[in-house]
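Q: A structural model of the following input is requested.
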Amino acid sequence: MRHKCRTKHIKERNTSNLMNLLKTVGIFFIANLLFSCTEDPIETPFEDDLNKQLAIAITSASKIGRMHYFILESEYNLKYLPNQDPGNPITPEKVELGKMLFFDTGLAQDAKLESGYETYSCATCHIPSAGFLPGRKQGIADGAYGYGTLGSKRLIQDGYAETDLDAQGVRPLTTLNVAYMTNTLWSGLFGATGVNTGTEEVWNGPLSEVNHLGFVGLESQNIEGVELHRLALNEHVLENYGYRELFDKAFPDLPESERYSKKAVSFALGAYLRTLLTTRAPFQLWLKGDWEAMTDGQKKGALIFFGKGRCSVCHNGPSFSSMNFHALGTKDLYEAGGLNTGADDPRNLGRGMFTGKEEDNFRFKVPQLYNLRDYVSYFHGSSKESLEEVVEFKVKAQSENSRVPNDRLSSSFEPLNLTQTEKNELIDFLRNGLYDPDVERYAPQSLPSGNCFPNNDKLSRKEIGCE
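A: Below is the predicted model of the structure:
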């Protein structure tokens, strides 16, 4: 088969996967469906109407007119992971180092008080089994202790005032599928490229100044995040925990003045985070040719997602995210009991916090939709606690935030006429069809420090089972 419109690297990337697919399902003309360059009417290998209808709906929603647009890149194809920073090509050594840094509580060297020393990590607020989220409505790193069930318990440590807590004013975004984001945070604040091209005049805030370094979103955010979250790479970490050797292997070409710096930490984290891909979800398996990977109910829910439910109008990227910003009128985190935040928290403004434009106020980035089943809350303010509540809110399409009148809502946010059966099918697709059951594969078995993770305080160690 020859497909002249496909680039050399796409051919290399897909050859082995495609051959395995053809051998597995025995459908030797599926490649025409997935990779054809023609504009002819869609021909599918499906014998039943449900699969055929879904293939047509997905193809119609694809930005390139082909189903393979929604296939996530393999976490093993490092060369082809999307949105890599040109200055930070991904290597296995960087990924392995980034994994250790992400989970290691040994990096918590700059805690506000001694009681917080080496007790938290990046993973404190991004727990794999909680959807790489906190496991509660708000993530708290330094200043809290306890783990509970999947991060559900965080109690304020003695001596810490509320303003001392490393607690952010919006619910964290998951780190799953962040490879498909050019700019990070709900506001899209981090990153010198992508949607922030041409916004240089506002790169003067305490967080956005890092964009002047010219890096993309993940690298920019991680550089700022090391200091913001009170992490540090010092001689104790390098020597006593053996990280110097890991940095030497990951960054042999960096001069020593940069090799053990926030920049190198950021680059390693960026490499690791781009591998967190939900490639084993039933929908992904279905796209690759396993037509029985999803139940009929999930397939019907997918049809609603791509059709009557209009979900793919906004959630239109490969991970069902996008770099667009919409006002939905959901409530803010302080209304859900969030600490160290309030009605005047600038993060409540979403994109407007970054651009300073009034028309951008209350507009938030479109998040990805995989592994929602593990979430304990949804939206920037943790205002919903179940997928049923989320769908009901989307169906109603009415603001719940007193500062966001209905005439300020996104033009794409419109009431839907879905039956209860249709809502149930849509939820089934979101909850189960888009669920990768094995994201624990991205967590290490142990750490160079030997510390308990993702938390290392006395209560957490007991609750996690490290003691």
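Q: Return the residues in contact with the residue lying closest to N406 once chain neighbours are set aside.
A: The shortest distance from N406 to any non-neighbouring residue, by Cβ to Cβ, 6 or more residues apart in numbering, is to S399 (5.2 Å). Quick note: C-beta positions are derived from backbone N, CA and C, even for glycine. Contacts for S399 (Cβ atoms under 8 Å, 6 or more residues apart in numbering) come out as 328-329, 405-406, 408-409.
Q: Check S399 and give its pLDDT.
A: The per-residue pLDDT reported for S399 equals 98.
Q: Check for me that G98 belongs to a strand.
A: No. Residue state for G98 (DSSP: H, G, I helix; E, B strand; the rest coil) corresponds to helix; a strand is not indicated.
Q: Tell me how far it lies from L287.
A: 28 Å (Cβ to Cβ, to the nearest Å).
Q: Show me which of those two is the more surrounded one.
A: When neighbours are counted by other Cβ atoms under 10 Å, G98 and L287 differ, and G98 comes out ahead with 26 against 20.
Q: my read: that one touches A271, true?
A: Yes. At 5.1 Å, G98 and A271 qualify as touching, with contact defined as Cβ atoms under 8 Å.
Q: Could you tell me which residues touch both of those two?
A: Both G98 and A271 lack any common contact, where contact means Cβ under 8 Å, 6+ apart.
Q: residue ranges for the strands of the chain, please.
A: If DSSP state E is used as the criterion, the strands of the chain fall at 144-145, 155-156, 325-326, 364-365.
Q: Now do the contacts for Q398.
A: By Cβ under 8 Å, 6+ apart, the contact list for Q398 reads 329, 406, 415.
Q: Reformat these as TSV; add neighbour count, distance to Y147 and pLDDT.
A: Putting the contacts of Q398 into TSV (neighbours: other Cβ atoms under 10 Å; distance: Cβ to Cβ, whole Å; pLDDT from 0 to 100) gives the following:
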residue	neighbour count	distance to Y147	pLDDT
G329	22	34	98
N406	10	41	97
P415	10	41	97
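Q: so of these, which ones are in helices?
A: Counted as lying in helices by DSSP state H, out of the contacts of Q398, is not a single one.
Q: and of these, the nearest to S266?
A: Checking these against S266 by Cβ to Cβ gives G329 as the nearest, at 34.5 Å.
Q: so who does the closest one touch?
A: With Cβ under 8 Å, 6+ apart, G329 has these contacts: 362, 398-401, 404, 406, 408-409.
Q: what's the burial count for E118?
A: Other residues within reach of E118 by the criterion other Cβ under 10 Å amount to 19.
Q: ugh, typo on my part, it should be V439
A: For V439, the count of nearby residues is 23 (other Cβ under 10 Å).
Q: Same check on T59?
A: If you count neighbours by other Cβ under 10 Å, T59 ends up with 20.
Q: what do you get for E358?
A: 8.
Q: Look up how far D374 lies from it.
A: Looking at E358 against D374, where the rule is Cβ to Cβ, the gap reads 36 Å.
Q: quick one: contacts for the closest residue to T184 other than its chain neighbours?
A: With Cβ to Cβ, 6+ apart as the criterion, T184 has its nearest non-adjacent residue at 4.0 Å, and that residue is G217. G217 makes contact with 83, 181-184, 188, 190-191, 194, according to Cβ under 8 Å, 6+ apart.
Q: cool, G214 as well?
A: Going by Cβ under 8 Å, 6+ apart, G214 touches A192.
Q: Please shift the residue numbers so they start at 54 in all later answers.
A: Understood, numbering begins at 54; the last thing we discussed is G267.
Q: Quick check: it vs N236, distance?
A: Using Cβ to Cβ, we find G267 at a distance of 13 Å from N236.
Q: just L338 next, same as before
A: Per Cβ to Cβ, L338 is found 30 Å from N236.
Q: next one: H379
A: Remark: distance between H379 and N236 (Cβ to Cβ) = 15 Å.
Q: who has more neighbours, those two?
A: In terms of neighbours (other Cβ under 10 Å), N236 is the more surrounded of H379 and N236; the figures are 25 against 19.
Q: Can you pull the poorly scored residue ranges out of the chain?
A: Scanning the chain for pLDDT under 70 picks out 54-100.
Q: the domain parsing of it - what is it?
A: Dividing the chain into domains by automatic domain parsing, as the record does, gives the ranges 61-128, 133-330+500-517.
Q: Same list (the ones you listed) but as CSV, adding distance to K437.
A: Output for these, formatted as CSV (distance: least, Cβ to Cβ, whole Å):
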stretch, distance to K437
domain 61-128, 25
domain 133-330+500-517, 10
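Q: can you give me phi and psi for N369?
A: Taking degrees, to the nearest 10, you get phi -120, psi 10 for the backbone angles of N369.
Q: For R297, see how far away it is.
A: Taking Cβ to Cβ, one finds N369 at 44 Å from R297.
Q: Please apply the same query to L471.
A: Using Cβ to Cβ, L471 is found at 57 Å from R297.
Q: re earlier: out of the domains of the chain, flag the one nearest K361.
A: Using Cβ to Cβ, the nearest of these to K361 is domain 61-128, at 10.1 Å.
Q: Near the closest residue to A496 other than its chain neighbours, how many other residues are there?
A: Take A496 and drop its neighbours on the chain: the residue closest to it by Cβ to Cβ, 6+ apart is P181, 5.1 Å away. Counted with other Cβ under 10 Å, the burial measure for P181 works out to 22 neighbours.
Q: Isn't P181 up against E493?
A: Yes. At 5.3 Å, P181 and E493 qualify as touching, with contact defined as Cβ under 8 Å.
Q: sorry, back to before: adding distance to G169, write the contacts of G270 out as JSON lines.
A: Compiled in JSON lines, the contacts of G270 are given as follows (distance: Cβ to Cβ, whole Å):
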{"residue": "N136", "distance to G169": "33"}
{"residue": "M234", "distance to G169": "30"}
{"residue": "T235", "distance to G169": "33"}
{"residue": "N236", "distance to G169": "30"}
{"residue": "T237", "distance to G169": "25"}
{"residue": "G241", "distance to G169": "30"}
{"residue": "F243", "distance to G169": "25"}
{"residue": "G244", "distance to G169": "30"}
{"residue": "G247", "distance to G169": "35"}
